[in-house]
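Visitor: Predicted model and sequence below, questions to follow.
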Amino acid sequence: MMRILFAASEIYPLIKTGGLADVAGALPAALRAKGHDVKLIMPAYKGILEKVEPIHNSTNLGDPFGVGDLILLETRTTEDDIPIFLVQCQTLFERDGGPYVDQNGVDYPDNHIRFGAFSWAIAMLAQHGNLLGWQADVLHLNDWQTGFAAAYLESWKMNHIPIVTTVHNLRYNGSFDMNQFPDMRLSGELLDIHGIEFYGRFSGLKAGLVYADSITTVSPTYAKEILTSEYGDGLDGTLRAMRYKLHGILNGVDYELWSPEKDPLIKQNYSIDSIEKKLDNKLALLKENGLSEDPTKLVFGIVSRLTEQKGLDLILSAIPSMLEKGVRLIVLGSGDKVLEEAYNELQRQYPHQVAIRIGYDEAYSHRLQAGIDSLLIPSRFEPCGLTQLYALKYGTLPLVRKTGGLADTVFEQGDLHNGFVFDHADANSLYEAMERCLACFDDINAWQQKQKNAMSYDFSWEKTTEKWAQLYRNLIQ
Ligand code: ADP
Ligand code: GLC
């Protein structure tokens with residue numbers, strides 16, 4: 001049994017903007033199921049206290065940043081009953097808007113202090129757990145929002161427990177202007193090219209990388225890609241120097257939440273032995289969106305943050321010719337305002353074939369996954385990607401660009417082919433893959449074979465927890 005402190009800035013179902021929350025909601029639970037003592041730590045954003053069990057303990061950590069006391073609250077999550085520490089500080093975390101951006105989608109100007117303070121509390125708990133009633137054996141950081149914890153532990157110059165940092169997305173490096181550095185209460189000694197200095201700025205992600213004992217990323221292919229300048233986002237040099245401690249461990253799926261057999265959020269449950277019932281979900285989804293309910297026409301779908309990463313501009317170029325062939329497109333997403341508007345415009349042009357929903361809607365994402373035929377994920381880069389894994393389980397065939405975790409999980413050829421794959425991030429390659437998808441759809445036997453293959457894949461967390469346990473064990477010893 002190991003004691004693991006798992007730190008993340010979003011955890012499903014408490015708060016979620018993307019796949020990090022799904023991972024932070026599922027991996028700790030899977031490790032606990034194997035007998036490990038995992039505890040979570042996350043900021044106490046507005047509204048979070050109503051979503052957890054009543055607080056049973058609280059510790060005042062003082063006011064190191066001069067923004068108000070940081071209070072460590074101890075409770076448990078209601079759904080999975082996992083112990084969680086919430087870092088409370090009214091001025092930093094009790095805000096309307098998201099965890100990182102305000103209601104207008106603009107980054108909070110004091111994110112360095114917000115996640116500096118969160119990281120400082122993580123470091124305190126990791127270092128002085130004995131005084132606080134629970135001493136972890138290993139600290140697991142996730143992404144830049146927790147990376148400064150490694151810097152605090154480094155700057156306190158004491159022996160500390162081993163640190164694992166997981167990179168979910170290298171693009172978000174949490175870098176800030178040097179003149180904000182004094183706010184961090186960090187030693188200037190760390191501002192070195194081998195430390196947290198990053199092209200004249202300082203970076204939380206880089207702190208998490210350089211001071212970690214082990215770095216992981218969320219798929220084997222992304223672990224290789226990020227060593228190149230094309231995918232390294234300016235950190236490839238750092239990562240190449242650290243490749244001795246870099247591992248790629250594929251994310252998993254929480255099949256309790258994502259299984260068409262028992263998903264309470266979809267119209268009609270179905271399984272690999274009753275794929276034909278999936279059609280009810282398709283018809284219901286089309287009806288819900290006021291699109292013609294013709295079952296013989298292929299329905300493409302998108303569930304995504306609308307960002308440059310996801311390659312959704314390629315779809316805008318490729319889809320008109322596809323729509324001429326009668327396919328339909330159903331989209332759920334939010335993010336970049338230009339993309340949002342471009343998709344809304346597409347709907348205006350093809351009101352009978354295209355349905356766009358701008359926003360974040362967990363329940364609708366399940367109906368969409370169950371109801372569409374093929375999920376489009378033409379990402380420019382994709383550390384792991386979870387939506388393709390969900391799609392597979394629902395017999396919804398993913399059409400993906402061959403990159404990162406998509407390359408590790410979706411295959412067009414081979415015995416267990418389960419989707420459609422293209423290489424180059426251009427509209428033409430995407431269009432050709434859509435044509436192959438359409439041709440397959442018109443051959444009912446070929447399509448159903450792919451669906452069966454897709455649904456029989458097992459990407460459960462149970463399969464990867466042993467890899468995680470082994471990694472922690474090696475560090476602790
Ligand atoms: P990323 O973390 O890069 O956004 P992932 O595929 O790993 O990509 O995870 C995305 C997660 O967020 C999935 O659980 C997906 O269903 C969910 N998601 C993305 N956009 C939306 C949305 N607009 N509404 C509901 N869920 C969404
Ligand atoms: C990031 C990545 C995504 C990954 C998720 C969870 O948001 O963009 O590819 O699946 O983290 O690790």
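Guide: Received the coordinates, thanks. Ligands and ions are numbered 1, 2, ... in the order given.

Visitor: List the buried residues for stretch 102-118?
Guide: Buried residues in stretch 102-118, counted by 16 or more other Cβ atoms under 10 Å: Tyr108, Asp110, Asn111, His112, Ile113, Arg114, Phe115, Gly116, Ala117, Phe118. C-beta here means a position set from N, CA and C on the backbone, and glycine is covered the same way.

Visitor: so what's the third one up against?
Guide: Just to be clear, that refers to Asn111. By Cβ atoms under 8 Å, 6 or more residues apart in numbering, Asn111 lies in contact with Tyr100, Gly174, Phe176.

Visitor: If you rank these by neighbours, which is first?
Guide: For the contacts of Asn111, the largest number of neighbours (other Cβ atoms under 10 Å) sits with Gly174, at 26 neighbours.

Visitor: contacts with ligand 1 among the buried residues of stretch 102-118, please.
Guide: Contacts with ligand 1 are made by none of the buried residues of stretch 102-118, judged by Cβ under 6 Å from any ligand atom.

Visitor: Read off the pLDDT value for the residue in the chain positioned nearest to ligand 2.
Guide: Closest contact between the chain and ligand 2, by Cβ to the nearest ligand atom, is at Gly19 (2.8 Å). On the pLDDT scale, Gly19 is placed at 97.

Visitor: Give me the number of neighbouring residues for it.
Guide: 23.

Visitor: Surely it touches Cys384?
Guide: Yes: between Gly19 and Cys384 there is a contact at 6.8 Å, judged by Cβ atoms under 8 Å.

Visitor: Residues that sit against both of these two, list them.
Guide: With Cβ under 8 Å, 6+ apart, Gly19 and Cys384 have common neighbours His168, Asn251.

Visitor: For the stretch 201-350 of the chain, which residues are neighbours of ligand 1?
Guide: Checking the stretch 201-350 of the chain against ligand 1 by Cβ under 6 Å from any ligand atom, the hits are Val303, Ser304, Arg305, Leu332, Gly333, Ser334.

Visitor: residues near Thr17, how many?
Guide: By other Cβ under 10 Å, the burial measure for Thr17, its neighbour count, is 16.

Visitor: hmm, back to that, which one of the buried residues of stretch 102-118 is nearest Glu261?
Guide: Nearest to Glu261, judged by Cβ to Cβ, of those is Phe118 at 38.2 Å.

Visitor: what's near enough to touch that closest one?
Guide: Ser9, Pro43, Val87, Gln145, Thr146.

Visitor: Can you tell me which of those residues end up in strands?
Guide: Mapping the contacts of Phe118 onto strands (DSSP state E) picks out Pro43, Val87.

Visitor: mind checking the SS state of Ser429?
Guide: helix (DSSP: H, G, I helix; E, B strand; the rest coil).

Visitor: Look up how far Leu141 lies from the closest residue to it other than its chain neighbours.
Guide: Excluding the flanking residues, the one nearest Ser429 by Cβ to Cβ, 6 or more residues apart in numbering is Phe422, at 4.3 Å. Distance, Phe422 to Leu141, by Cβ to Cβ, to the nearest Å: 34 Å.

Visitor: residue ranges for the strands of the stretch 101-250 of the chain, please.
Guide: With DSSP state E, counting those that start in this stretch as the criterion, the stretch 101-250 of the chain has strands at 138-142, 163-167, 175-177, 197-198, 201-203, 214-217, 246-248.

Visitor: Let me have the ones you listed in JSON lines, extended by distance to Met2 and mean pLDDT.
Guide: Below are the strands of the stretch 101-250 of the chain laid out as JSON lines (distance: least, Cβ to Cβ, whole Å; pLDDT from 0 to 100):
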{"stretch": "strand 138-142", "distance to Met2": "6", "mean pLDDT": "98"}
{"stretch": "strand 163-167", "distance to Met2": "12", "mean pLDDT": "98"}
{"stretch": "strand 175-177", "distance to Met2": "32", "mean pLDDT": "98"}
{"stretch": "strand 197-198", "distance to Met2": "32", "mean pLDDT": "98"}
{"stretch": "strand 201-203", "distance to Met2": "29", "mean pLDDT": "98"}
{"stretch": "strand 214-217", "distance to Met2": "14", "mean pLDDT": "98"}
{"stretch": "strand 246-248", "distance to Met2": "17", "mean pLDDT": "98"}
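
Visitor: By neighbours, which of the residues of the stretch 201-350 of the chain next to ligand 1 wins?
Guide: For those, neighbours tallied by other Cβ under 10 Å; top is Ser304, 25 neighbours.

Visitor: in what helix or strand does that one lie?
Guide: strand 299-306 (DSSP states H and E).

Visitor: Quick check: next helix or strand after that strand?
Guide: Past strand 299-306, the next helix or strand by DSSP H and E is helix 312-324.

Visitor: Spatially nearest residue to the residue of the chain closest to ligand 2, not counting backbone neighbours?
Guide: Nearest one to Gly19, counting by Cβ to Cβ, 6+ apart, is Leu386 at 4.5 Å.

Visitor: what's the domain layout of the protein?
Guide: 3-252+461-476, 275-456 (automatic domain parsing).

Visitor: Need those domains in JSON lines (columns: distance to Gln268).
Guide: Formatted as JSON lines, the domains of the chain follow (distance: least, Cβ to Cβ, whole Å):
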{"stretch": "domain 3-252+461-476", "distance to Gln268": "24"}
{"stretch": "domain 275-456", "distance to Gln268": "4"}
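
Visitor: Which of the ones you listed sits closest to Trp258?
Guide: Of all those, domain 275-456 comes closest under Cβ to Cβ, at 4.8 Å.

Visitor: Is there proximity between that closest one and ligand 2?
Guide: Yes: judged by Cβ under 6 Å from any ligand atom, domain 275-456 and ligand 2 are in contact via Glu382, Pro383, Cys384, Gly385, Leu386, Gly405.

Visitor: Closest one to Glu154 out of these, please.
Guide: Using Cβ to Cβ, these come closest to Glu154 at Pro383, 25.2 Å.

Visitor: Longest helix in the chain, please.
Guide: helix 111-127 (DSSP state H).

Visitor: Give me the helices and strands touching the helix or strand of the chain with the lowest mean pLDDT, please.
Guide: One helix or strand of the chain scores below all others by mean pLDDT, DSSP states H and E: helix 129-132, with a mean of 92. Contacting helix 129-132 under the criterion 3 or more Cβ pairs under 8 Å, 6 or more residues apart in numbering; DSSP states H and E is no other helix or strand.

Visitor: How about residues contacting it?
Guide: Leu5, Thr59, Leu72, Met124, Leu125, Gln135, Ala136.

Visitor: Report the buried members of these.
Guide: Leu5, Thr59, Leu72, Met124, Leu125, Ala136.

Visitor: Figure out how far stretch 192-212 is from the centre of its chain.
Guide: Relative to its chain's centre, stretch 192-212 lies at 22 Å (Cα atoms, centre = their mean, to the nearest Å).

Visitor: So is that stretch next to ligand 2?
Guide: No: figure legend: stretch 192-212 not in contact with ligand 2 (Cβ under 6 Å from any ligand atom); closest approach 12.5 Å.

Visitor: May I see the buried residues of that stretch?
Guide: For stretch 192-212, a neighbour-count test (16+ other Cβ under 10 Å) marks 195-198, 201-212 as buried.

Visitor: residues contacting whichever residue of the stretch 101-250 of the chain sits closest to ligand 1?
Guide: Ligand 1 sits closest to Asn169 of the stretch 101-250 of the chain, with a gap of 6.3 Å, by Cβ to the nearest ligand atom. Residues in contact with Asn169 (Cβ under 8 Å, 6+ apart) are Leu20, Asp143, Gln309, Pro383.
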